[in-house]
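okay, here's the prediction I keep looking at, along with the sequence it came from:
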Amino acid sequence: MAGVLRKFLPIQSPIHVEKEDDDDKIKNLEYSFALPYSGPLLTCDVPQAVPIDFRQIPIASPAIGSGSLLTDVSLPVVQPIVKSHRKLSKKPNLVSDRTVCLETDGGMDGNGMPCEASRVDDSSSSLCANDDERGPKLSDGIQSSGRLDFFSGCGSSGELPRSLEVSELPDNGSENEGRDFYDYMNPANYESIGSESSHSNSSEIFSCQEEDHNEEAPGHVRRPSIVTFRDPESNDVVDNESDVSNTDSSVHERHIAVRPGKKGTCYRCMKGSRLTEKEVCIVCDAKYCSDCVIRAMGSMPEGRKCVTCIGKRIDESRRKTLGKCSRMLKQLLAVVEVEQIMRSERSCVANQLPPELIYVNRQRLSKQELFLLLTCPNPPKKLKPGNYWYDKVSGLWGKEGHKPCQVISPQLTVGGHIQEGASNGNTSIMINNRKITKAELIMLQWAGVKCEGATHLWVSADGAYQEEGMNNIKGKLWNKTGIKLICAVLSLPTPPNSVSPSGEGVNDVMANNLEQKTLYKLLLVGLEKSGTCTIFKQARIVYSVPFSEDERQSIKSIIQCNLYGYLGILLEERERFEEECLIDKRRKVVHRHNSLGQIDCKTIYSIGPKLKAFSDWLLQVIASGNLESMIPAAAREYAPFVEELWRDGAFQATYNRRNELELLPRVATYFLERAVEVARPDYQPSDMDILYAEGFSSSKGLSSMEFSFPKVAPDFCENIGYQHDPLLRYQLIRVHPTTLGGNCKRLEMFEDVDVVLFCVSLIDYDEFSEDKNGVLINKMIASRQLFERTATHPTFEEKKFLLILNKFDLLEEKIQQVPLTQCEWFDDFNPVIGYNPNSSSSTNPSLARRASQYIAVKFKRLFRDLTDRKLYVSLATGLEPDNVDEAFKYAREVLKWKQEELNYPNNELSSTSIEASSSS
Ligand SMILES: Nc1nc2c(ncn2[C@@H]2O[C@H](COP(=O)(O)OP(=O)(O)OP(=O)(O)O)[C@@H](O)[C@H]2O)c(=O)[nH]1
Ligand SMILES: [Mg+2]
């Protein structure tokens with residue numbers, strides 16, 4: 001029987017023995033059955049086997065020693081009681097040759113494995129015989145404090161593991177959410193808390209162990225037993241270059257994991273590629289695939305950290321991601337688990353900002369000050385270690401050497417006194433003892449604040465400003481019309497609840513979101529009527545940036561005014577047609593009777609007295625230039641006249657000849673067809689109406705909106721390796737050329753744009769406009785001049801330029817009638833177009849396409865000559881949503897390449913791909 005049993009039952013050695021002894025022992029082991037006791041009644045106590053909780057067994061504390069200790073296996077170590085069912089015989093490696101020791105006081109098992117799976121006791125292993133089979137689960141549980149716990153419900157999903165239950169989470173439980181932070185920051189608890197928690201975490205982690213000899217945590221040292229050693233001489237400790245450059249670097253060293261495998265592979269299993277989804281350790285940046293993440297990070301008591309990184313400070317560049325769960329964790333874990341981990345990640349002590357790394361007005365913060373700063377009604381957003389300046393009077397807050405980035409609560413007693421050069425301003429204007437930056441000066445000028453000579457302004461928190469020494473408040477900065485928009489354009493902050501005057505053209509999300517460089521900025525500029533406004537509106541529709549109620553109301557007035565304007569043009573032309581008709585009639589009578597006889601004065605263009613009166617009134621209002629002020633109020637009164645007019649035969653006869661009317665814009669037809677509806681007082685403009693509406697512009701010729709591209713799967717054919725990040729935000733600023741001032745001086749206010757989108761109307765080549773001296777100039781030449789001034793403006797020396805050749809649909813029509821050579825700049829355009837009805841348009845491009853390619857090359861050469869840089873070109877019809885989307889996606893690509901160029905300055909590949917995908 002014993003022999004049979006030996007065959008079926010695995011031998012498990014309770015203690016570690018040398019390999020060669022194992023076989024002999026196994027051979028000699030005998031099995032026997034325990035039978036129920038049936039002997040006489042016992043009077044004495046039978047000794048009972050008491051289960052041992054091995055967590056209670058004292059174990060060795062970590063020793064900090066020199067690197068040489070690591071290899072000294074002869075050191076006495078306390079052997080732990082180990083889990084008995086795994087391969088115990090293999091001698092542990094001391095240091096993996098594949099891995100690099102970065103900081104070795106973390107919780108590693110005897111083989112370099114993070115110890116998340118180590119404390120699986122016999123009971124749990126019997127429930128989950130095979131860890132690998134059941135897949136990664138939090139059930140290998142480490143308690144939130146870093147202690148391990150058993151998860152009896154292994155394999156069950158959706159249930160909160162015991163190790164995650166609130167009652168068992170003294171540090172990070174949901175009922176304690178934020179408590180860690182408050183305890184940590186609370187001045188009363190300074191001594192008691194400090195970094196104790198992280199110590200306890202890591203020391204408890206030391207007690208972990210596990211025996212998966214085949215697995216190791218790459219980037220972390222293998223630990224021979226439960227005792228690990230710190231290697232202070234390790235060269236693998238990498239100092240982080242961070243914002244904290246002049247802060248005390250001794251305070252904090254950052255540790256970066258070294259990837260054991262090839263680029264893009266998982267740090268643990270070394271499988272996968274760049275495209276494999278991975279979770280990143282917020283301390284050491286190690287990246288794990290979905291198969292390894294739970295094993296490497298355990299129950300994540302402090303969020304997404306390798307088990308060895310628990311208790312350590314996070315990589316500050318990852319602070320903004322704290323508490324923001326990745327898709328991978330959501331897929332791997334139950335909702336409650338994810339929520340708990342994210343809560344812990346945000347609130348645990350180890351992840352809080354260290355006050356000693358934050359300087360305000362050149363003074364290091366104390367814990368009280370940091371507490372005050374973070375708990376004030378309007379704290380700095382996404383604060384991270386670094387040097388800041390703070391104007392206590394106005395609440396303006398910024399990074400040392402930079403313009404303000406936020407208006408926080410005023411009058412906080414934090415940091416030292418503000419320095420004159422805190423924001424590195426180079427103007428002669430001071431605000432509250434600080435020399436302001438150029439952007440702030442432009443903002444003041446736009447807001448109408450007088451800034452002459454060396455003005456010193458005092459600005460209070462509510463924006464009230466006065467000149468130094470004059471007890472006289474001149475106005476309130478934050479109440480000025482258009483201030484929010486201009487601040488958004490200049491990347492300057494406004495107070496969180498400042499009023500937004502209507503029609504400023506800036507969505508609120510953006511105004512509140514002006515973190516330093518969190519947005520990519522696109523500047524859209526072009527000659528009058530080139531279509532910038534249409535493209536801006538189209539982008540709002542395509543990227544779902546809704547028009548506010550105020551905007552819709554003002555657009556409604558504009559559309560109704562425009563309608564009356566179109567009607568006025570038609571009515572004026574009707575008079576001319578009527579006149580022509582009467583002259584013709586008279587001529588015929590004279591011709592027939594050879595004398596001036598009586599003629600019938602009625603023609604097909606004649607209208608009745610009622611409509612005539614309306615027509616006279618309207619033409620008079622237009623002539624006096626009062627249309628815009630009259631119509632909104634008179635719309636209700638005159639709506640019935642519009643209806644009557646539209647049904648009138650004479651008006652329809654005029655309308656039918658609209659193609660002869662040069663003054664009537666093409667877009668008029670769109671609204672005239674619906675004149676009756678548009679004239680009604682209850683008319684509500686649709687998005688399409690807004691798109692077609694002429695004259696929609698925002699205050700001071702500036703419009704701004706923030707958007708992001710919709711979350712779509714990357715197009716692998718188009719862009720191998722490109723992953724669209726839906727979190728990337730873009731700010732589109734449209735500026736009217738008349739706002740730029742002489743020599744485009746005001747372009748300087750766009751110093752932080754990333755890409756300039758220059759819009760050219762393709763049909764301008766035969767059109768003329770007056771320049772500022774009243775001289776007629778070809779509009780394409782005028783466009784070229786504006787382009788030259790923009791491209792060579794010092795502000796844009798390093799900027800990327802994308803040329804949008806707009807109105808392609810209109811070019812297709814026009815080029816059939818008017819040759820491109822009408823414009824002197826294009827006099828060598830001489831396309832040879834072979835007519836082959838069977839050939840596709842790609843092999844035989846249309847005349848319009850050839851013309852637009854030719855124009856693109858002209859601009860590219862010009863740009864190259866002017867700047868020695870590459871110009872990107874996109875062809876578009878602004879009224880087509882897809883076209884506009886394409887143009888902006890191209891701008892996004894250009895931005896991406898710009899980034900790559902910065903990372904890899906000599907990247908030839910990127911420039912070739914630019915050429916290849918350029919639409920021109
Ligand atoms: N058919 C067609 N019309 C366009 C296109 N782009 C713009 N338009 C029309 O051209 C006219 C001028 O376009 P806007 O977008 O107002 O031009 P702008 O650059 O804002 O010029 P300003 O009015 O001076 O601000 C409008 O009537 C538009 O509807 C286009 O691609 N195709
Ligand atoms: Mg316009």
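Now that the structure is in, tell me what you want to look at. Ligands and ions are numbered 1, 2, ... in the order given.

quick one: residue 765 and ligand 1, what's the gap?
Summarising the geometry, the distance separating residue 765 from ligand 1, computed by CB to the nearest ligand atom, to the nearest Å, is 15 Å. Bear in mind the C-beta positions are built from the backbone N, C-alpha and C, glycine included.

how about stretch 659-676: buried residues?
Within stretch 659-676, the residues that qualify as buried are 661, 664-665, 667-668, 670-672, 675-676, counting by 16 or more other CB atoms under 10 Å.

and the residue of this structure closest to ligand 1?
Each residue of the chain has a distance to ligand 1, by CB to the nearest ligand atom, and the smallest belongs to residue 533, at 2.8 Å.

give me the neighbour count for that residue.
Counted with other CB atoms under 10 Å, the neighbours of residue 533 add up to 24.

state the mean pLDDT of the helix or strand harbouring it.
If you go by DSSP states H and E, residue 533 is part of helix 532-542. Along helix 532-542, the predicted confidence averages to a pLDDT of 96.

what's the answer for stretch 686-699, then?
Throughout stretch 686-699, pLDDT has a mean value of 85.

in stretch 320-335, what's buried?
Buried residues in stretch 320-335, counting neighbours by 16+ other CB under 10 Å, are found at 321-322, 325-326, 328-329, 332-334.

tabulate the CA atom coordinates of that stretch in PDB.
Extracted as PDB, the C-alpha positions of stretch 320-335 are listed here (Å, rounded to 0.1, in the frame of the first residue of the first chain):
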ATOM      1  CA  LYS A 320      -0.300  63.600 -12.500                       C
ATOM      2  CA  THR A 321      -1.300  60.000 -13.200                       C
ATOM      3  CA  LEU A 322      -1.900  59.200  -9.500                       C
ATOM      4  CA  GLY A 323      -5.300  57.700  -9.000                       C
ATOM      5  CA  LYS A 324      -5.900  57.500 -12.700                       C
ATOM      6  CA  CYS A 325      -6.500  53.900 -13.500                       C
ATOM      7  CA  SER A 326      -5.200  52.300 -16.700                       C
ATOM      8  CA  ARG A 327      -7.300  50.100 -19.000                       C
ATOM      9  CA  MET A 328      -5.200  47.100 -18.100                       C
ATOM     10  CA  LEU A 329      -6.000  47.200 -14.400                       C
ATOM     11  CA  LYS A 330      -9.600  47.600 -15.200                       C
ATOM     12  CA  GLN A 331      -9.500  44.500 -17.300                       C
ATOM     13  CA  LEU A 332      -7.600  42.500 -14.800                       C
ATOM     14  CA  LEU A 333      -9.300  43.400 -11.500                       C
ATOM     15  CA  ALA A 334     -12.800  43.900 -10.100                       C
ATOM     16  CA  VAL A 335     -14.100  47.400  -9.900                       C
END
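
rewinding a little: surely the residue of the chain closest to ligand 1 meets residue 734?
Yes: with contacts defined as CB atoms under 8 Å, residue 533 counts as touching residue 734 at a distance of 6.8 Å.

overlap in contacts of these two?
Shared between the contact lists of residue 533 and residue 734 (criterion: CB atoms under 8 Å, 6 or more residues apart in numbering) are residues residue 703.

near ligand 1, which of the buried residues of stretch 659-676 show up?
The subset of the buried residues of stretch 659-676 within reach of ligand 1, counting by CB under 6 Å from any ligand atom, consists of 665, 667.

now, which of the buried residues of stretch 659-676 sits nearest residue 359?
Of all those, the one sitting nearest residue 359 is residue 667; the distance, using CB to CB, is 56.7 Å.

does the closest one touch residue 696 like I think?
No: contact status for residue 667 versus residue 696: not in contact, 11.7 Å apart, counting by CB under 8 Å.

quick one: the lengthiest helix in the chain near ligand 1?
With DSSP state H setting the assignment, residue counts place helix 549-593 as the longest helix in the chain. No: counting by CB under 6 Å from any ligand atom, no contacts exist between helix 549-593 and ligand 1, the nearest distance being 9.8 Å.

packing partners of that helix?
Packed against helix 549-593, as judged by 3 or more CB pairs under 8 Å, 6 or more residues apart in numbering; DSSP states H and E, are the following elements: helix 609-624, helix 627-647, helix 649-656, helix 668-672, helix 675-679, helix 687-692.
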